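Novice: turn this into a model:
(2 chains)
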There are 2 protein chains.
Amino acid sequence: MSLDAVLSRIDADLPAALDRLKALMRIPSISTDPEYKAECARAANWLVEDLESLGVQAETRQTPGHPMVVGHIDGDGPHLMFYGHYDVQPVDPLELWNRDPFDPEVEDTPAGKVIRGRGANDDKGQLMTFIEACRAWKEVNGTLPCKMTFFLEGEEESGSPSLVPFLEENLAEFSAPDLALICDTGLFDEKTPAITTMLRGMVKEELTITAADKDLHSGMYGGIAANPIHVLSTALAALHDDQGRVTIPGFYDDVPELSDELRKQWDGLGFDEAAFLGGVGLSVPAGEQGRTGLEMIWSRPTCEVNGIWGGYTGAGFKTVLPSEASAKISFRLVGQQDPKAISDSFRAFIRSQLPADCSVAFNITNGAPASVMATEDPAFEKARLALSDEWPNPAAFIGCGGSIPIAGYFKTILGVDSMLIGFGRDDDQIHSPNEKYALESFHRGIRSWARVLDALT
Amino acid sequence: MSLDAVLSRIDADLPAALDRLKALMRIPSISTDPEYKAECARAANWLVEDLESLGVQAETRQTPGHPMVVGHIDGDGPHLMFYGHYDVQPVDPLELWNRDPFDPEVEDTPAGKVIRGRGANDDKGQLMTFIEACRAWKEVNGTLPCKMTFFLEGEEESGSPSLVPFLEENLAEFSAPDLALICDTGLFDEKTPAITTMLRGMVKEELTITAADKDLHSGMYGGIAANPIHVLSTALAALHDDQGRVTIPGFYDDVPELSDELRKQWDGLGFDEAAFLGGVGLSVPAGEQGRTGLEMIWSRPTCEVNGIWGGYTGAGFKTVLPSEASAKISFRLVGQQDPKAISDSFRAFIRSQLPADCSVAFNITNGAPASVMATEDPAFEKARLALSDEWPNPAAFIGCGGSIPIAGYFKTILGVDSMLIGFGRDDDQIHSPNEKYALESFHRGIRSWARVLDALT
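Specialist: A predicted model of the protein is given here:
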């Protein structure tokens, strides 16, 4: 049977697959920092060459930002589209890494072998699981299993500014697939694979509060002049009440309660809150009181400050009253929360907090709504069973706290449903120092895609 | 009469005096930044050479930080000590300067000629007013007017860590003077000279709040994990109530109310609050409600955040839940407030604000109490009359919001009283970009010291 042959081929080719992943990870394709623009292009070109080696007609397609990698290959059966992203997060603080983040290597750890480096999981390791499954399939069968479109983005970690215009300009090219497969999510736990069927949306904001028109000496002006760090701190503190709820008026208007059915299913997953928090040195859920841990991270909206700066932050001390103070703030959205409406309410709330003589500038915004997958499509049950064949435990339908707006865009712009399958673990430290991907995630991930492709075609 | 000859000599020598000031200002002696250590030593050596040219026996004296410049010269009459500091504040944000901060030049402005550059006022311009007065005196009379000790510090802008040990180790050398003259304060307004008789003290603190033991992805952990920026913002917001009062328990215990006499004197100064605030783009006093503007900046204690940082602060966006967030906070003290007690109360207050799983580290602290001058000494009235002869309006006894702990140390360690006379204007932008010193401040400042030396000797 060809699936067994493909799986055997995957096992035999694992060392070479690892070398290919390491080659891709060595390219520091940090999309949010303009300094790495050429490296993003280099990663895109690397992928084009690799897809061409599978017989895919691939090319980079220019955007105002980083290029898209697009590939097409003809075949029988359903038309599947695959999405991943080749860009990665910044690596600071660099001194907290145990190695050069762009010189990946396999390390032995108490929990097994891991590939360590930026992008090991998010998303280079994950996207290569699919490409390696295709490679093994082609080597065994001479062709890929069906007609396919590859769509690899280079701006996912910086808000995907080119994505919507690109899809809208290329509707005919991308509207045809029967289903999109997205590999950018996680396992439920190391033994339990998952199809992610609920994704939180996102609104990003950056603001600067200005008081005096110049930095002031705190001896001369301290006690009489407005201090924008105080004003910012007070406004940020006011964003939550003492129950951990967001105080912005109307914030929860479009937030649905969990269905009894889904609540029962999630309760049955045996989520180990103490272990989840303990893994990062915490012990007490700090979110909305009266909610379970899985609700907090999967089905409840959040407001988090991701960065703050103002005044003198160097070595020593400078007794300055700064002219301005800034923060980066992101919201995770659920249900029908509208990004534009949330952004508007947030800005009105901040303006309502400003005392005399203070002004606010909003420097950045972008957003994407939450999305819920079409699990009534029989392909979901087929894929769930295929994953269950590969892993120790049966696969589960789960939520995800992260925001992968691509699924929403595929649905609203292209009319294509998405299925999200990924193999990351909670402790992979994506976006943090020492990001890693379990070797088992990579190996079983490739085998899982072979099984899913077999089940869907 | 010799005073007239000295004043004439000062007028004739002004261009050369300006050249000397510019030479000193070209040395970037930023004491708080270790990178500029050699430049601080260079400024000290420059001053030693200049004092030697006046016949003063001068030398640098090493400390664990930057050197002290000490000079002695014998003479008749009283023994006066002069204090100034040769170190300067950092210059960031550099892009807000209209010129290289260490390439000073005289500029024409609508308010008259100014010397622009870091240290123009604080304190290189000010300390050179005294040295230039001495130079003119010596050139006219062949000697300085009396026995003198020069004591020029290089760590004033970084908390004077070596000052107290140095004075304690050299008690015999520095306890002899009858009076210390300190030039590091301002005019009341451009027509009204001042002797500063009340100085606020200072406590500096830097703290870091830590939650998780690593940076987290806000998608995976947002809504369940404690966010140290929220915790820090909430704690900082809680430091003041809605009346602008500091909420730390016991903070106001040792804060005296203004005497009726001093209140009447200050009310008579005609402080133009609207102009003072308007000069920096503000219009409403943001401090304690129910206090006058002069009280807020001269006789009331404050708590100000001077810097804050945490999370991702670079270009673009990173949806991180940081592991830690930090702030630099300073207090201005008045009356009998004890720096150690204020620091202890502040730390206890911050600890009381911490939720579960969060810890705080206090990285920096140092402090000095407020000080009140010995205005009953007849020298104060003599000096006040001498200043009144030089300027359009009579001189006033005023308060100062800034902290110049040296006067307190001279009194408590050496038993020497201090007299603070300076010529800065409120809009000199000390500690800020585009620091300047009015040419009139420099010129009349030199002449003022000649008159004061004449009156006291």
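Novice: which residues of chain A fall in helices?
Specialist: A:2-25, A:37-52, A:124-141, A:163-169, A:171-174, A:218-221, A:228-237, A:260-267, A:273-278, A:293-294, A:339-353, A:378-390, A:406-409, A:439-456 (DSSP state H).
Novice: got TSV for these, with mean pLDDT, mean neighbour count and distance to chain B too?
Specialist: All C-beta atoms are positioned from the backbone trio N, CA, C, and that covers glycine. Shown next, in TSV, are these (pLDDT from 0 to 100; neighbours: other CB atoms under 10 Å in any protein chain shown; distance: least, CB to the nearest CB, whole Å):
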stretch	mean pLDDT	mean neighbour count	distance to chain B
helix A:2-25	97	17	18
helix A:37-52	98	19	12
helix A:124-141	97	24	14
helix A:163-169	96	17	15
helix A:171-174	94	14	25
helix A:218-221	85	26	3
helix A:228-237	98	25	4
helix A:260-267	82	13	14
helix A:273-278	93	16	7
helix A:293-294	91	20	6
helix A:339-353	97	17	10
helix A:378-390	95	18	21
helix A:406-409	88	23	14
helix A:439-456	98	23	15
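Novice: need the contact list for the closest residue to residue A:117 other than its chain neighbours.
Specialist: Spatial nearest neighbour of residue A:117, excluding adjacent residues (CB to CB, 6 or more residues apart in numbering or on different chains): residue A:104 at 3.1 Å. Residue A:104 makes contact with A:21-22, A:25-26, A:115-117, A:120, according to CB atoms under 8 Å, 6 or more residues apart in numbering or on different chains.
Novice: try it again at 10 Å.
Specialist: Residue A:104 makes contact with A:18, A:21-26, A:115-120, A:124-125, A:435-437, according to CB atoms under 10 Å, 6 or more residues apart in numbering or on different chains.
Novice: likewise residue A:34?
Specialist: Contacts for residue A:34 (CB under 10 Å, 6+ apart) come out as A:65, B:315-316.
Novice: quick check, nearest of the residues you listed to residue B:37?
Specialist: residue B:315 (31.6 Å; CB to CB).
Novice: what sits against the closest residue to the closest one other than its chain neighbours?
Specialist: Once flanking residues are discounted, residue B:315 sits nearest to residue A:33: 6.1 Å by CB to CB, 6+ apart. Shown in contact with residue A:33 (CB under 10 Å, 6+ apart): A:39-40, A:89-92, A:158, B:314-316, B:318.
Novice: TSV for those residues, including distance to residue B:271?
Specialist: Formatted as TSV, the contacts of residue A:33 follow (distance: CB to CB, whole Å):
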residue	distance to residue B:271
A:39	58
A:40	58
A:89	53
A:90	49
A:91	53
A:92	47
A:158	51
B:314	43
B:315	43
B:316	46
B:318	47
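Novice: show me the domain layout of chain A.
Specialist: Residue ranges for the domains of chain A, per automatic domain parsing: A:2-199+A:370-456, A:201-255+A:301-368.
Novice: relative to residue B:262, which of the ones you listed is closest?
Specialist: Per CB to CB, nearest to residue B:262 of the domains of chain A: domain A:201-255+A:301-368, 17.2 Å.
Novice: could you tell me the end-to-end distance of that closest one?
Specialist: In domain A:201-255+A:301-368, first residue to last residue: 5 Å (CA to CA, to the nearest Å).
Novice: repeat that for stretch A:57-70.
Specialist: Stretch A:57-70: ends 8 Å apart by CA to CA.
Novice: what about the residue of the stretch 1-150 of chain A found nearest chain B, how many neighbours?
Specialist: In the stretch 1-150 of chain A, the residue that lies nearest chain B is residue A:32 (3.3 Å; CB to the nearest CB). By other CB atoms under 10 Å in any protein chain shown, the residues close to residue A:32 number 19.
Novice: residue contacts, it?
Specialist: A:87-90, A:155, A:157-159, B:312, B:314-318.
Novice: out of those residues, which are buried?
Specialist: Among the contacts of residue A:32, those classed as buried by 16 or more other CB atoms under 10 Å in any protein chain shown are A:87-90, A:155, A:157-159, B:312, B:316-318.
Novice: JSON lines please, covering these and showing pLDDT and distance to residue A:444.
Specialist: Shown next, in JSON lines, are the buried ones among the contacts of residue A:32 (pLDDT from 0 to 100; distance: CB to CB, whole Å):
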{"residue": "A:87", "pLDDT": "98", "distance to residue A:444": "25"}
{"residue": "A:88", "pLDDT": "98", "distance to residue A:444": "23"}
{"residue": "A:89", "pLDDT": "96", "distance to residue A:444": "25"}
{"residue": "A:90", "pLDDT": "95", "distance to residue A:444": "29"}
{"residue": "A:155", "pLDDT": "97", "distance to residue A:444": "29"}
{"residue": "A:157", "pLDDT": "94", "distance to residue A:444": "25"}
{"residue": "A:158", "pLDDT": "92", "distance to residue A:444": "30"}
{"residue": "A:159", "pLDDT": "86", "distance to residue A:444": "31"}
{"residue": "B:312", "pLDDT": "95", "distance to residue A:444": "33"}
{"residue": "B:316", "pLDDT": "86", "distance to residue A:444": "34"}
{"residue": "B:317", "pLDDT": "87", "distance to residue A:444": "32"}
{"residue": "B:318", "pLDDT": "88", "distance to residue A:444": "30"}
